[in-house]
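Undergrad: Predicted structure and sequence below. I'll ask about it afterward.
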Amino acid sequence: MQQKEDNLKNIISHAKEYGFVFQSSEIYDGLSATYDYGQLGAELKNNIKSYWWKAMVQMHENIVGLDAAIFMHPSTWKASGHVDAFNDPLIDNKDSKKRYRADVLIEDAIEKIRKKIDKEVAKGLKRFGDDFNEEEFRKTNPNVLRNEGKIKDIEDRMRDTLNANDLEGVRDLILDLGIVCPISGTKNWTEVRQFNLMFSTELGSVAGDASTIYLRPETAQGIFVNFLNVQKTGRMKIPFGIAQIGKAFRNEIVARQFIFRMREFEQMEMQFFVRPGEEMKWYDYWKNQRIKWHKALGIPEENYRFHDHVKLAHYANAACDIEFDFPMGFKELEGIHSRTDFDLKQHEELSGKKLQYFDPELNESYTPYVVETSIGLDRMFLAVLSSAYKEEKLENNSERVVLSLPPALAPYKVAVMPLTKKDGLPEKAHEIMNDLKFDFNCIYDEKGAAGRRYRVQDAMGTPYCVMVDHQTLEDNTVTIRDRDTMEQERVAISELAGIFAERCSMKELLK
Ligand code: ATP
């Protein structure tokens, strides 16, 4: 664990050193849980957005995009339930004065028990070797079964108390589990309180209740209120989807984990409108599609797992998360939710406008059901960055830091370098770059020794370096140096564009 935490520290400082992520308003000592993306971060973020947008919108005939405003009519949030129910249960430790989310404390306790189970399974594997049948072992081993039972009891109690808004019950559960504050080590807890996560502000110059508006805590509602606009103007037929990328804001109680939990962040959401009764089929479909999207990036599969929700949100009839093994352990990266017709019905009721769809095949009107996929762009950024970050010992005993980013997502695809600053090599290098730059984001570098320049590009995650040397002037060939293998190959300049198109394009991932 300590090593993983150190790893997070190293990733944060690397992200700063190379211009991926800066603390917001750093010259004023920063603003907590708010971050700015620097020159490389902005590129990586744009590439992730583009990978998502292409996969969701461009690759699906029946999904279209939307870009709704952050401000919405205040009734939106009354209808969606956010004014009354978008709360987190918080609890303070009286000794450390630290504040926690009560549900997160309980989930962490569950995770500890899960780790015990994993240890037991690892022991079994060691004992039985190749004959080990993990599934059978999990079903029969008494220690595993006892711990599974414990987890189930805790999850049941957590769900029941939270659903009933029984905050005393939540506190009792924390006490019964013997949960201590990680800072003070004591069980000296306050009562549990509910805290609404929406930021509010005033519209125009008149203060008072009537003019209170909210910064949207999710992008989804912009899609729901535009459902009929898009359906009618786009002549969309159910099933169809609307996708959106945009900022969302939550006044998070605890925000300590870099860009994992921010107060201003970006979501990439898609709401898929389906016939009532068909939602479970589409829920399974989207679970499958979304995990495929992640795996196509080539990040090792063991970094991902599904986690079904214990406490369903007020609008859902099924929900799961895709969790990722971040430097702080497995945590939610993306949510897939079957939201029923809750939102559209609520908006119908509060607005007095019909939000129904006439299904020509069934010859009837109905309120569609919705299956949504919702991923945090910043969390995806952290997933990609943290899995790419490697500190390597090389054969000659030197070390390097390399970001093995998927080439399609890397900020720069190609660094073009002249071996020396004279003999017409810089001019030749610029000529090559001026040709490549229409299709690939390129960077030019002529400063310092070649080895040193390669190291800098490794740390930036640039998958390929093109070196222009004296031979180039004679036969129009260059070397391409590969970031991951560090191997070099000599190719004709005329082949470069084709090679990079094959190795760096998103097309291969999207197929
Ligand atoms: P958590 O349980 O971690 O608070 P959530 O279940 O409230 O997350 P959702 O409401 O399902 O999250 O939001 C969808 C996605 O938006 C999440 O999967 C996550 O990637 C992202 N997200 C939510 N809150 C934040 C945040 N504070 N900072 C960054 N990303 C966030």
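TA: Yep, that arrived.
Undergrad: so what's whichever residue of the stretch 251-400 of the chain sits closest to the ligand up against?
TA: Distance from the ligand to each residue of the stretch 251-400 of the chain (Cβ to the nearest ligand atom) is smallest for residue 376, at 2.4 Å. For glycine as for every other residue, the C-beta is placed from the backbone atoms N, C-alpha and C. Residues in contact with residue 376, defined by Cβ atoms under 8 Å, 6 or more residues apart in numbering, are 265-268, 333-334.
Undergrad: for residue 77, same thing?
TA: Shown in contact with residue 77 (Cβ under 8 Å, 6+ apart): 83, 86, 198, 214, 217, 221.
Undergrad: what about it, which SS state?
TA: helix (DSSP: H, G, I helix; E, B strand; the rest coil).
Undergrad: Distance check, it against residue 367.
TA: The spacing between residue 77 and residue 367, counted by Cβ to Cβ, to the nearest Å, is 20 Å.
Undergrad: For beta bridges, what are the partners of residue 88?
TA: With DSSP bridges as the criterion, the beta-bridge partners of residue 88 are residue 195.
Undergrad: if I read this right, it contacts residue 251, doesn't it?
TA: No. Under the contact definition of Cβ atoms under 8 Å, residue 88 does not touch residue 251, with a separation of 9.4 Å.
Undergrad: and for the two, which residues touch both?
TA: Taking Cβ under 8 Å, 6+ apart as the contact rule, residue 88 and residue 251 both touch 195, 197.
Undergrad: okay, the two: which has more neighbours?
TA: Taking neighbours as other Cβ atoms under 10 Å, residue 88 and residue 251 compare with residue 88 leading, 19 against 16.
Undergrad: show me where pLDDT drops low in this structure?
TA: Residues of the chain that meet the criterion pLDDT under 70 lie in 1-5, 205-210.
Undergrad: For it, what lies in contact range of the ligand?
TA: Counting by Cβ under 6 Å from any ligand atom, the residues of the chain close to the ligand are 250, 252, 261-262, 265, 267, 332-335, 374-376, 378-379.
Undergrad: hmm, back to that, tell me the most packed of the contacts of residue 77, by neighbour count.
TA: Once you tally neighbours by other Cβ under 10 Å, residue 221 ends up highest among the contacts of residue 77, having 22 neighbours.
Undergrad: Let me see the contact set for it.
TA: The contact partners of residue 221, by Cβ under 8 Å, 6+ apart, come to 72, 76-77, 80, 343.
Undergrad: The lengthiest helix in the chain packs against which elements?
TA: Once the chain is assigned using DSSP state H, the helix that runs over the most residues is helix 102-128. Under the contact criterion of 3 or more Cβ pairs under 8 Å, 6 or more residues apart in numbering; DSSP states H and E, helix 102-128 touches strand 87-92, helix 134-140, helix 142-163, helix 167-176.
Undergrad: Buried deepest among those, which one?
TA: Of all the helices and strands packed on helix 102-128, strand 87-92 has the most neighbours on average by mean count of other Cβ atoms under 10 Å, namely a mean of 19.
Undergrad: which residues sit in contact with the residue in the stretch 401-511 of the chain that the ligand sits nearest to?
TA: Nearest to the ligand, among the residues of the stretch 401-511 of the chain, is residue 409, at 17.1 Å (Cβ to the nearest ligand atom). The contact partners of residue 409, taken as Cβ under 8 Å, 6+ apart, are 44, 47-48, 51, 297, 384.
Undergrad: Specify the local secondary structure of it.
TA: coil.
Undergrad: Relative to residue 147, how far out is it?
TA: With distances defined as Cβ to Cβ, the gap from residue 409 to residue 147 amounts to 39 Å.
Undergrad: cool, residue 491 as well?
TA: Taking Cβ to Cβ as the criterion, residue 491 is separated from residue 147 by 56 Å.
Undergrad: What of residue 196?
TA: From residue 196 over to residue 147 the distance is 35 Å, taken as Cβ to Cβ.
Undergrad: Leaving out sequence neighbours, find the closest residue to residue 349.
TA: Nearest residue to residue 349 in three dimensions, chain neighbours excluded: residue 79, at 7.1 Å (Cβ to Cβ, 6 or more residues apart in numbering).
Undergrad: right, and that neighbour touches residue 342 too?
TA: No. In this structure, residue 79 is not within contact of residue 342 by Cβ under 8 Å, at 9.7 Å.
Undergrad: okay, these two: which has more neighbours?
TA: When neighbours are counted by other Cβ under 10 Å, residue 79 and residue 342 differ, and residue 79 comes out ahead with 23 against 20.
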